[in-house]
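Novice: What follows is a predicted structure for the sequence shown.
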Amino acid sequence: MALFLLQFGGITFLFAMPRFRAGEFGGLITVAASEVPQVNAAPVANNIGKFWLVHTDAGINAIYRVCTHLGCLYFWSEAAGIFACPCHGSQFKLDGAYIAGPAPRDLDRFTFQVLDANGNVLAASTDGQPVPLPPGADRVVVNTGQKILGKSIF
């Protein structure tokens with residue numbers, strides 16, 4: 001009986017341990033700097049990392065693709081120039097700021113680093129704020145395991 005409990009406990013422990021690898025959600029997702037959208041252009045969706053890569057006047061950011069209201073997947077409305085949740089009508093600006101609807105806060109963001117071709121960190125966002133895309137940037141590495149909650153509107 002003790003052997004069974006030990007084996008069961010070990011299997012349960014290994015199953016519960018998160019194992020995120022680079023290139024999959026929960027790990028580090030690398031995006032080439034050439035894939036970063038132009039300033040104030042439509043965002044670029046990253047389906048594997050479940051984020052939108054946006055580029056505003058303030059800089060670039062990685063915004064989580066799940067609505068802060070009830071967890072629906074929202075989309076980019078090219079005609080309106082906003083993020084819109086089709087389920088309950090929440091709306092957000094390109095930078096993820098709340099506009100209207102039942103969502104309780106701005107969109108959530110991920111931390112990320114901007115690296116050069118040698119792997120040196122040129123810029124980093126550890127607090128969910130956008131950072132300017134520096135010259136010489138080769139890639140953006142988004143950490144989908146570190147989500148920053150959006151600012152509450154209440």
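Specialist: Okay, I see it. Numbering: from 1, shown residues only.
Novice: In this structure, where is pLDDT below threshold?
Specialist: 10, 13-26 (pLDDT under 70).
Novice: can you pull out the helices in it?
Specialist: 2-16 (DSSP state H).
Novice: That one: strands as residue ranges?
Specialist: Taking DSSP state E, the strands of the chain run over residues 28-32, 44-46, 51-56, 59-64, 75-77, 82-84, 91-92, 98-100, 109-115, 121-125, 139-148.
Novice: which helices and strands sit right next to the last one?
Specialist: For strand 139-148, the contact count by 3 or more Cβ pairs under 8 Å, 6 or more residues apart in numbering; DSSP states H and E identifies strand 28-32, strand 51-56, strand 59-64, strand 109-115 as packing neighbours. No exception for glycine: its C-beta is placed from N, CA and C like everyone else's.
Novice: Leaving out chain neighbours, which residue sits closest to residue 154?
Specialist: residue 104 (6.6 Å; Cβ to Cβ, 6 or more residues apart in numbering).
Novice: same deal with residue 69?
Specialist: residue 103 (4.2 Å).
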